[in-house]
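Enquirer: The following comprises the amino acid sequence and a computationally predicted model.
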Amino acid sequence: MTRYLHVLIFYFIKNKIFIFYRFCVINNSMRILHISDLHFNAKNNIENKFIVENFKRIKEYAIKNEIVNIIISGDVFDNISVNLKYRDLFTDDNLHYFVIPGNHDNPETLRSFFSTFDNVTYFQKKPYEKVLIGNVAIYGIPYNNDIKPVDLFSKISHDILTDRTENNLLLLHASPIGINFGMIDVDNNKIKHFPIHFEDLLPLIYIKKKIYIAMGHYHKSFKKWKFDNVLCCMPGSIYPLSAKEKEKRAFSIYDTNEHDAGRVILENMTNLSYKYFFLSPFDINSISQQISESLEKSSSVTKLFINIEGYINQIAKLDKIRNDIDERWGKNHKIPIEWDMNVSVVESLKPEIKSILSKIDKTSKEKTISNEVLTKAKKLIFESYKGISGK
(Lines give C-alpha, C1' and ligand atoms only; values in the text may rest on other atoms or scores of the structure.)
Protein backbone atom coordinates (compact mmCIF):
# COMPACT_ATOMS: atom_id res chain seq x y z
CA MET A 1 0.00 0.00 0.00
CA THR A 2 1.28 3.41 -0.93
CA ARG A 3 2.13 5.53 2.11
CA TYR A 4 1.68 9.28 2.22
CA LEU A 5 3.96 11.96 3.56
CA HIS A 6 2.56 15.13 5.03
CA VAL A 7 5.01 17.78 3.87
CA LEU A 8 5.21 21.28 5.38
CA ILE A 9 6.42 24.01 3.04
CA PHE A 10 7.34 27.43 4.35
CA TYR A 11 7.17 30.59 2.29
CA PHE A 12 8.76 33.82 3.50
CA ILE A 13 6.90 36.72 1.95
CA LYS A 14 7.17 40.26 3.29
CA ASN A 15 8.46 39.05 6.66
CA LYS A 16 5.50 36.75 7.14
CA ILE A 17 5.56 32.98 7.13
CA PHE A 18 2.96 31.40 4.92
CA ILE A 19 2.48 27.71 5.54
CA PHE A 20 0.66 25.40 3.23
CA TYR A 21 0.32 21.68 3.10
CA ARG A 22 0.76 19.33 0.23
CA PHE A 23 0.24 15.59 -0.11
CA CYS A 24 2.84 13.75 -2.09
CA VAL A 25 3.43 10.01 -2.28
CA ILE A 26 6.70 8.37 -1.25
CA ASN A 27 7.18 7.04 -4.80
CA ASN A 28 7.44 10.70 -5.88
CA SER A 29 4.28 10.63 -8.00
CA MET A 30 2.93 14.07 -8.72
CA ARG A 31 -0.24 15.34 -10.37
CA ILE A 32 -0.05 18.56 -12.35
CA LEU A 33 -2.98 20.52 -13.74
CA HIS A 34 -2.46 21.80 -17.29
CA ILE A 35 -4.45 24.64 -18.91
CA SER A 36 -3.81 27.08 -21.71
CA ASP A 37 -5.25 29.99 -23.68
CA LEU A 38 -6.99 31.94 -20.95
CA HIS A 39 -7.26 35.05 -23.14
CA PHE A 40 -8.25 37.51 -20.44
CA ASN A 41 -9.54 40.76 -22.02
CA ALA A 42 -10.55 38.89 -25.17
CA LYS A 43 -14.24 39.72 -25.12
CA ASN A 44 -16.67 42.28 -23.72
CA ASN A 45 -16.98 42.89 -19.99
CA ILE A 46 -19.81 40.39 -19.64
CA GLU A 47 -17.93 37.54 -21.28
CA ASN A 48 -14.67 38.41 -19.53
CA LYS A 49 -16.51 37.80 -16.30
CA PHE A 50 -17.29 34.24 -17.41
CA ILE A 51 -13.70 33.64 -18.56
CA VAL A 52 -12.68 34.56 -15.02
CA GLU A 53 -15.38 32.32 -13.54
CA ASN A 54 -14.15 29.34 -15.58
CA PHE A 55 -10.62 29.99 -14.35
CA LYS A 56 -11.80 30.16 -10.74
CA ARG A 57 -13.65 26.86 -11.05
CA ILE A 58 -10.50 25.19 -12.37
CA LYS A 59 -8.56 26.55 -9.38
CA GLU A 60 -11.24 25.30 -7.01
CA TYR A 61 -10.92 21.84 -8.54
CA ALA A 62 -7.15 21.89 -8.00
CA ILE A 63 -7.47 22.92 -4.34
CA LYS A 64 -10.24 20.40 -3.63
CA ASN A 65 -8.16 17.59 -5.16
CA GLU A 66 -4.92 18.68 -3.45
CA ILE A 67 -3.18 19.55 -6.71
CA VAL A 68 -0.57 22.21 -6.01
CA ASN A 69 1.03 22.87 -9.40
CA ILE A 70 -0.75 24.48 -12.36
CA ILE A 71 0.96 24.99 -15.71
CA ILE A 72 -0.30 27.57 -18.22
CA SER A 73 0.96 27.08 -21.77
CA GLY A 74 0.65 30.62 -23.06
CA ASP A 75 -1.86 33.29 -24.10
CA VAL A 76 -2.72 34.46 -20.60
CA PHE A 77 -4.03 37.65 -22.20
CA ASP A 78 -5.59 38.21 -25.57
CA ASN A 79 -3.34 41.14 -26.52
CA ILE A 80 -0.08 42.77 -25.51
CA SER A 81 -1.73 44.98 -22.90
CA VAL A 82 -2.67 43.54 -19.51
CA ASN A 83 -5.17 44.60 -16.91
CA LEU A 84 -3.93 44.61 -13.32
CA LYS A 85 -7.36 43.67 -12.01
CA TYR A 86 -6.56 40.06 -12.95
CA ARG A 87 -3.66 39.92 -10.50
CA ASP A 88 -6.02 38.91 -7.71
CA LEU A 89 -6.65 35.63 -9.54
CA PHE A 90 -3.10 34.46 -8.84
CA THR A 91 -2.78 35.34 -5.13
CA ASP A 92 -3.13 31.75 -3.96
CA ASP A 93 -0.89 30.57 -1.12
CA ASN A 94 -1.69 26.91 -1.81
CA LEU A 95 -1.16 26.93 -5.59
CA HIS A 96 1.97 27.40 -7.67
CA TYR A 97 1.81 28.47 -11.31
CA PHE A 98 4.30 27.79 -14.11
CA VAL A 99 3.67 30.16 -17.02
CA ILE A 100 5.06 30.84 -20.50
CA PRO A 101 4.04 33.67 -22.86
CA GLY A 102 2.12 32.74 -26.00
CA ASN A 103 1.84 34.46 -29.37
CA HIS A 104 -0.80 36.86 -27.98
CA ASP A 105 1.25 37.84 -24.93
CA ASN A 106 3.90 40.52 -24.62
CA PRO A 107 6.72 38.74 -22.70
CA GLU A 108 7.96 41.89 -20.93
CA THR A 109 4.50 43.06 -19.94
CA LEU A 110 3.61 39.61 -18.66
CA ARG A 111 6.89 39.48 -16.68
CA SER A 112 5.92 42.74 -14.96
CA PHE A 113 2.44 41.40 -14.28
CA PHE A 114 3.85 38.36 -12.42
CA SER A 115 6.97 40.01 -10.99
CA THR A 116 5.81 40.27 -7.37
CA PHE A 117 4.32 36.78 -7.10
CA ASP A 118 6.35 34.20 -5.15
CA ASN A 119 3.94 31.48 -6.24
CA VAL A 120 4.45 32.05 -9.99
CA THR A 121 7.39 30.77 -11.99
CA TYR A 122 7.44 32.76 -15.21
CA PHE A 123 9.65 31.59 -18.09
CA GLN A 124 10.88 34.30 -20.44
CA LYS A 125 14.47 33.45 -21.34
CA LYS A 126 14.87 32.00 -24.85
CA PRO A 127 15.16 29.33 -26.05
CA TYR A 128 14.11 27.87 -22.67
CA GLU A 129 14.58 27.87 -18.91
CA LYS A 130 14.50 24.93 -16.53
CA VAL A 131 13.41 24.43 -12.91
CA LEU A 132 13.15 21.34 -10.73
CA ILE A 133 10.23 20.41 -8.48
CA GLY A 134 10.93 17.16 -6.70
CA ASN A 135 11.98 14.64 -9.32
CA VAL A 136 10.37 16.58 -12.17
CA ALA A 137 12.24 18.91 -14.51
CA ILE A 138 10.07 21.64 -16.03
CA TYR A 139 11.29 23.29 -19.21
CA GLY A 140 9.55 26.60 -19.92
CA ILE A 141 9.79 27.47 -23.61
CA PRO A 142 8.56 31.01 -24.37
CA TYR A 143 6.84 31.45 -27.71
CA ASN A 144 9.61 31.80 -30.27
CA ASN A 145 9.52 31.45 -34.05
CA ASP A 146 13.28 32.08 -34.37
CA ILE A 147 14.41 28.53 -33.61
CA LYS A 148 13.64 25.32 -35.48
CA PRO A 149 11.65 22.84 -33.39
CA VAL A 150 14.07 19.97 -34.11
CA ASP A 151 17.01 22.12 -32.90
CA LEU A 152 15.10 23.08 -29.78
CA PHE A 153 14.23 19.49 -28.92
CA SER A 154 17.79 18.34 -29.62
CA LYS A 155 19.10 20.82 -27.04
CA ILE A 156 16.51 19.76 -24.47
CA SER A 157 17.12 16.04 -25.04
CA HIS A 158 20.84 16.63 -24.36
CA ASP A 159 19.93 18.40 -21.09
CA ILE A 160 17.65 15.57 -20.04
CA LEU A 161 20.34 12.97 -20.64
CA THR A 162 22.92 15.06 -18.80
CA ASP A 163 20.69 15.64 -15.75
CA ARG A 164 19.26 12.11 -15.80
CA THR A 165 15.80 13.33 -14.83
CA GLU A 166 13.13 10.65 -15.21
CA ASN A 167 10.14 13.00 -15.42
CA ASN A 168 10.28 15.96 -17.77
CA LEU A 169 7.66 18.56 -18.63
CA LEU A 170 7.92 20.92 -21.59
CA LEU A 171 5.67 24.01 -21.63
CA LEU A 172 5.19 24.98 -25.25
CA HIS A 173 2.93 27.27 -27.27
CA ALA A 174 2.94 25.70 -30.72
CA SER A 175 1.03 24.29 -33.70
CA PRO A 176 1.21 20.48 -34.04
CA ILE A 177 0.65 19.63 -37.68
CA GLY A 178 0.68 16.56 -39.94
CA ILE A 179 -0.89 13.13 -40.21
CA ASN A 180 0.65 11.82 -36.97
CA PHE A 181 -1.16 14.53 -35.04
CA GLY A 182 -4.33 14.10 -37.09
CA MET A 183 -3.92 17.73 -38.11
CA ILE A 184 -3.96 17.92 -41.90
CA ASP A 185 -6.57 20.49 -42.88
CA VAL A 186 -5.63 23.29 -40.47
CA ASP A 187 -6.07 27.04 -40.87
CA ASN A 188 -2.82 28.52 -42.23
CA ASN A 189 -3.13 31.42 -39.80
CA LYS A 190 -2.92 28.89 -36.98
CA ILE A 191 0.01 26.76 -38.10
CA LYS A 192 2.29 29.72 -38.75
CA HIS A 193 2.84 29.89 -34.99
CA PHE A 194 5.76 27.52 -34.30
CA PRO A 195 4.58 24.49 -36.35
CA ILE A 196 5.71 21.10 -35.04
CA HIS A 197 5.79 17.86 -37.02
CA PHE A 198 6.26 14.36 -35.67
CA GLU A 199 9.79 14.25 -37.08
CA ASP A 200 10.74 17.20 -34.88
CA LEU A 201 10.05 15.08 -31.79
CA LEU A 202 12.49 12.30 -32.72
CA PRO A 203 15.38 13.63 -30.55
CA LEU A 204 13.04 13.42 -27.54
CA ILE A 205 11.69 10.00 -28.49
CA TYR A 206 15.16 8.48 -28.91
CA ILE A 207 16.27 9.19 -25.30
CA LYS A 208 13.52 6.99 -23.83
CA LYS A 209 12.74 9.29 -20.89
CA LYS A 210 9.23 10.23 -19.75
CA ILE A 211 8.37 13.53 -21.41
CA TYR A 212 5.09 15.42 -21.22
CA ILE A 213 4.73 18.27 -23.70
CA ALA A 214 2.15 20.65 -22.29
CA MET A 215 0.99 22.46 -25.42
CA GLY A 216 -1.09 25.55 -25.95
CA HIS A 217 -2.46 27.46 -28.95
CA TYR A 218 -5.32 25.43 -30.45
CA HIS A 219 -8.65 26.34 -28.85
CA LYS A 220 -11.20 23.89 -30.19
CA SER A 221 -10.97 20.88 -27.89
CA PHE A 222 -8.86 18.65 -25.67
CA LYS A 223 -6.41 16.53 -27.67
CA LYS A 224 -3.76 14.04 -26.63
CA TRP A 225 -1.09 12.18 -28.60
CA LYS A 226 1.46 9.61 -27.42
CA PHE A 227 4.60 8.69 -29.35
CA ASP A 228 6.44 6.03 -27.36
CA ASN A 229 7.83 7.91 -24.32
CA VAL A 230 6.63 11.35 -25.44
CA LEU A 231 3.11 12.40 -24.42
CA CYS A 232 1.69 15.58 -25.97
CA CYS A 233 -1.47 17.29 -24.76
CA MET A 234 -3.43 20.32 -25.96
CA PRO A 235 -6.25 21.12 -23.49
CA GLY A 236 -7.95 23.84 -25.58
CA SER A 237 -9.07 27.25 -24.35
CA ILE A 238 -10.76 27.55 -20.96
CA TYR A 239 -13.70 29.50 -22.46
CA PRO A 240 -15.43 29.26 -25.87
CA LEU A 241 -14.10 32.34 -27.67
CA SER A 242 -15.59 31.51 -31.09
CA ALA A 243 -18.27 29.40 -32.74
CA LYS A 244 -15.63 26.76 -33.59
CA GLU A 245 -15.16 25.86 -29.92
CA LYS A 246 -18.25 23.66 -29.66
CA GLU A 247 -16.85 20.91 -27.44
CA LYS A 248 -17.12 21.20 -23.68
CA ARG A 249 -14.23 23.07 -22.11
CA ALA A 250 -11.71 20.76 -20.47
CA PHE A 251 -8.28 20.68 -18.87
CA SER A 252 -5.58 18.08 -18.33
CA ILE A 253 -4.33 16.36 -15.18
CA TYR A 254 -0.92 14.85 -15.78
CA ASP A 255 0.27 12.07 -13.47
CA THR A 256 4.07 11.69 -13.46
CA ASN A 257 3.91 8.14 -12.13
CA GLU A 258 1.41 6.88 -14.70
CA HIS A 259 2.84 9.12 -17.42
CA ASP A 260 -0.65 9.83 -18.65
CA ALA A 261 -2.97 12.81 -18.89
CA GLY A 262 -6.64 12.65 -17.99
CA ARG A 263 -9.30 14.90 -19.45
CA VAL A 264 -11.41 16.73 -16.86
CA ILE A 265 -14.72 18.44 -17.67
CA LEU A 266 -16.53 20.53 -15.07
CA GLU A 267 -20.27 20.78 -15.64
CA ASN A 268 -20.51 24.23 -14.03
CA MET A 269 -18.14 25.83 -16.55
CA THR A 270 -19.50 28.02 -19.32
CA ASN A 271 -19.68 26.12 -22.61
CA LEU A 272 -20.86 26.86 -26.12
CA SER A 273 -24.11 25.62 -27.58
CA TYR A 274 -24.03 25.94 -31.38
CA LYS A 275 -27.30 25.78 -33.29
CA TYR A 276 -27.71 25.80 -37.06
CA PHE A 277 -31.00 26.40 -38.86
CA PHE A 278 -31.95 26.61 -42.51
CA LEU A 279 -34.74 29.09 -43.15
CA SER A 280 -37.29 29.01 -45.92
CA PRO A 281 -40.15 31.54 -46.27
CA PHE A 282 -42.62 28.71 -45.78
CA ASP A 283 -41.51 27.56 -42.34
CA ILE A 284 -40.45 30.67 -40.44
CA ASN A 285 -42.79 29.79 -37.58
CA SER A 286 -41.14 26.38 -37.37
CA ILE A 287 -37.75 28.07 -36.98
CA SER A 288 -39.11 30.09 -34.08
CA GLN A 289 -40.33 26.91 -32.39
CA GLN A 290 -37.01 25.08 -32.94
CA ILE A 291 -35.00 27.95 -31.45
CA SER A 292 -37.37 28.13 -28.48
CA GLU A 293 -36.82 24.42 -27.79
CA SER A 294 -33.07 25.05 -27.83
CA LEU A 295 -33.47 27.75 -25.19
CA GLU A 296 -35.28 25.38 -22.86
CA LYS A 297 -32.45 22.82 -23.04
CA SER A 298 -29.66 25.33 -22.33
CA SER A 299 -28.32 25.89 -18.84
CA SER A 300 -27.79 29.30 -17.28
CA VAL A 301 -24.03 29.12 -17.98
CA THR A 302 -24.45 28.44 -21.70
CA LYS A 303 -23.07 30.66 -24.42
CA LEU A 304 -25.50 30.30 -27.34
CA PHE A 305 -24.44 30.77 -30.96
CA ILE A 306 -27.23 30.66 -33.56
CA ASN A 307 -26.40 30.34 -37.24
CA ILE A 308 -29.31 30.89 -39.66
CA GLU A 309 -29.02 30.78 -43.41
CA GLY A 310 -31.63 30.56 -46.14
CA TYR A 311 -34.29 32.72 -47.75
CA ILE A 312 -37.12 34.94 -46.53
CA ASN A 313 -39.67 37.37 -47.91
CA GLN A 314 -40.77 38.86 -44.58
CA ILE A 315 -37.86 40.66 -42.96
CA ALA A 316 -40.01 42.23 -40.26
CA LYS A 317 -41.20 38.83 -39.09
CA LEU A 318 -37.65 37.51 -38.80
CA ASP A 319 -36.61 40.61 -36.84
CA LYS A 320 -39.51 40.12 -34.44
CA ILE A 321 -38.59 36.47 -33.84
CA ARG A 322 -34.99 37.43 -33.14
CA ASN A 323 -35.99 40.23 -30.72
CA ASP A 324 -38.40 37.90 -28.89
CA ILE A 325 -35.73 35.20 -28.56
CA ASP A 326 -33.16 37.73 -27.27
CA GLU A 327 -35.62 38.99 -24.68
CA ARG A 328 -36.54 35.52 -23.43
CA TRP A 329 -32.89 34.42 -23.30
CA GLY A 330 -31.86 37.55 -21.41
CA LYS A 331 -34.19 36.78 -18.50
CA ASN A 332 -32.10 33.78 -17.39
CA HIS A 333 -28.74 34.28 -19.11
CA LYS A 334 -26.14 37.02 -18.85
CA ILE A 335 -24.22 36.22 -22.04
CA PRO A 336 -26.10 37.62 -25.06
CA ILE A 337 -26.85 35.30 -27.97
CA GLU A 338 -24.43 35.53 -30.87
CA TRP A 339 -26.29 35.52 -34.17
CA ASP A 340 -24.81 34.71 -37.57
CA MET A 341 -27.43 35.59 -40.17
CA ASN A 342 -26.77 34.62 -43.77
CA VAL A 343 -30.28 35.11 -45.11
CA SER A 344 -31.22 36.32 -48.60
CA VAL A 345 -34.38 38.32 -49.28
CA VAL A 346 -36.68 37.16 -52.08
CA GLU A 347 -39.74 39.03 -53.28
CA SER A 348 -41.54 36.12 -54.89
CA LEU A 349 -41.08 32.40 -55.19
CA LYS A 350 -41.70 29.83 -57.85
CA PRO A 351 -44.75 27.78 -56.79
CA GLU A 352 -43.01 24.45 -57.48
CA ILE A 353 -40.50 25.14 -54.70
CA LYS A 354 -43.22 25.12 -52.07
CA SER A 355 -44.65 21.90 -53.50
CA ILE A 356 -41.27 20.15 -53.42
CA LEU A 357 -40.55 21.32 -49.89
CA SER A 358 -43.93 20.03 -48.72
CA LYS A 359 -43.16 16.61 -50.17
CA ILE A 360 -39.77 16.59 -48.43
CA ASP A 361 -41.41 17.44 -45.09
CA LYS A 362 -44.00 14.71 -45.55
CA THR A 363 -41.34 12.13 -46.46
CA SER A 364 -39.16 13.11 -43.51
CA LYS A 365 -42.00 12.44 -41.08
CA GLU A 366 -42.78 9.05 -42.63
CA LYS A 367 -39.14 7.93 -42.85
CA THR A 368 -37.89 9.70 -39.69
CA ILE A 369 -35.16 11.52 -41.59
CA SER A 370 -32.74 13.43 -39.40
CA ASN A 371 -32.99 17.20 -39.18
CA GLU A 372 -29.47 17.52 -40.62
CA VAL A 373 -30.36 15.57 -43.77
CA LEU A 374 -33.64 17.44 -44.08
CA THR A 375 -31.86 20.79 -43.88
CA LYS A 376 -29.36 19.81 -46.58
CA ALA A 377 -32.17 18.66 -48.86
CA LYS A 378 -34.05 21.94 -48.50
CA LYS A 379 -30.91 23.93 -49.09
CA LEU A 380 -30.20 22.05 -52.32
CA ILE A 381 -33.72 22.70 -53.56
CA PHE A 382 -33.38 26.45 -53.11
CA GLU A 383 -29.90 26.58 -54.59
CA SER A 384 -31.03 24.62 -57.65
CA TYR A 385 -33.48 27.41 -58.54
CA LYS A 386 -31.16 30.22 -59.53
CA GLY A 387 -32.72 33.60 -58.93
CA ILE A 388 -35.65 31.93 -57.14
CA SER A 389 -38.15 34.62 -58.08
CA GLY A 390 -40.98 33.57 -60.36
CA LYS A 391 -40.40 36.33 -62.86
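Expert: Perfect, thanks for sending it.

Enquirer: okay, CA-based contacts and neighbour counts for the rest of this
Expert: Will do.

Enquirer: Which element, helix or strand, includes residue 132?
Expert: strand 129-133 (DSSP states H and E).

Enquirer: Tell me which strands that strand pairs with, and in which orientation.
Expert: According to DSSP bridges, strand 129-133 has the following sheet partners: strand 136-141 (antiparallel).

Enquirer: can you give me the offset of the strand it pairs with from its chain's centre?
Expert: Between the centre of strand 136-141 and the centre of its chain there are 22 Å (Cα atoms, centre = their mean, to the nearest Å).

Enquirer: Flag every buried residue along the helix or strand that it is followed by.
Expert: On the C-terminal side of strand 136-141, the closest following helix or strand by DSSP H and E is helix 149-163. Of all the residues in helix 149-163, those buried under the rule 16 or more other Cα atoms under 10 Å are 149-150, 152-154, 156-157, 160.

Enquirer: again with stretch 198-214
Expert: For stretch 198-214, using 16+ other Cα under 10 Å, the buried residues are 200-205, 209-214.

Enquirer: How about the contacts made by the closest residue to residue 80 other than its chain neighbours?
Expert: Spatial nearest neighbour of residue 80, excluding adjacent residues (Cα to Cα, 6 or more residues apart in numbering): residue 106 at 4.7 Å. By Cα atoms under 8 Å, 6 or more residues apart in numbering, the residues touching residue 106 are 79-81.

Enquirer: Please apply the same query to residue 69.
Expert: Residue 69 sits next to 31-33, 95-98 when contact means Cα under 8 Å, 6+ apart.

Enquirer: got the buried residues of helix 149-163 as CSV, with distance to residue 117 columns?
Expert: Converted to CSV, the buried residues of helix 149-163 look like this (distance: Cα to Cα, whole Å):
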residue, distance to residue 117
149, 31
150, 33
152, 29
153, 30
154, 32
156, 27
157, 30
160, 28
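
Enquirer: Now distance to residue 124 and pLDDT too, for the residues you listed, in CSV please.
Expert: Converted to CSV, the buried residues of helix 149-163 look like this (distance: Cα to Cα, whole Å; pLDDT from 0 to 100):
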residue, distance to residue 124, pLDDT
149, 17, 96
150, 20, 97
152, 15, 97
153, 17, 98
154, 20, 97
156, 16, 97
157, 20, 97
160, 20, 95
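
Enquirer: which one of the residues you listed is nearest residue 194?
Expert: Among the buried residues of helix 149-163, residue 149 lies closest to residue 194 (Cα to Cα), at 7.6 Å.

Enquirer: Give me the contacts around stretch 75-90.
Expert: 36-42, 56, 101-106, 109-110, 113-114, 117, 217.

Enquirer: Show me where the stretch 201-350 of the chain has its strands.
Expert: Assigned by DSSP state E, counting those that start in this stretch, the strands in the stretch 201-350 of the chain fall at 210-216, 223-227, 230-234, 251-255, 260-264, 271-279, 302-312, 338-345.
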